[in-house]
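Colleague: just a sequence and a predicted model for now, questions to come.
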Amino acid sequence: MDVRPEFPLPDTSWEPTAEFWAGAARQELRIPRCDSCQRLCWYPRERCRHCDGEQFTWETMSGTGTLFSWVVVTHPFLPQFAALVPFVPALVALDEDPAVRIPTRMVECGAAELAFEMPVRVAFRPLTFEGVTGQVTAPLFVPV
């Protein structure tokens, strides 16, 4: 199996999520909405999981939500993550639709400050990894 040289940076050109990453580069949190049932559909797929619709329109979200879940990583699971530990990957439920949960990382706070359903907002930050060339602007989250 070939690994992209920029791994673990996300593949911003992969069609199903390219608009998500293009939006992040513009400091926008973008999520697709089904044109048939009008539900937000995250994670992007070919058909809406609610109505089986096939057409989607990407929309800019407010960037606010609540902390749904998190964990504190203290041991790097890949060598590229060693410089980040400890860090806090999380799921954020968006205010527009709490069923939409964005995988992210909490920043600008300590793990002891976090609480379930605490309000959070998006903070666009460069995603970089030691030993990996390049960076991607990512929607990370901070407490409100």
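Modeller: Thanks, I have the structure now.

Colleague: what's the per-residue pLDDT of Met1 here?
Modeller: pLDDT, Met1: 64.

Colleague: so Trp42 sits against Pro98, correct?
Modeller: No - look at Trp42 against Pro98 with CB atoms under 8 Å: they stay out of range, at 11.6 Å. Yep, even glycine has a C-beta here, placed from its N, CA and C like the rest.

Colleague: so those two - more neighbours on which side?
Modeller: Trp42 (19 against 13; other CB atoms under 10 Å).

Colleague: gap between that one and Arg101?
Modeller: 7 Å (CB to CB, to the nearest Å).

Colleague: buried residues in the host helix or strand of Pro139?
Modeller: Element membership for Pro139, per DSSP states H and E: strand 136-143. Across strand 136-143, burial judged by 16 or more other CB atoms under 10 Å covers 136-141.

Colleague: do stretch 81-97 as well
Modeller: So, applying 16+ other CB under 10 Å, buried residues of stretch 81-97: 87-88, 90-97.

Colleague: which stretches in this structure count as strands?
Modeller: 30-34, 56-60, 64-70, 88-94, 97-106, 119-127, 136-143 (DSSP state E).
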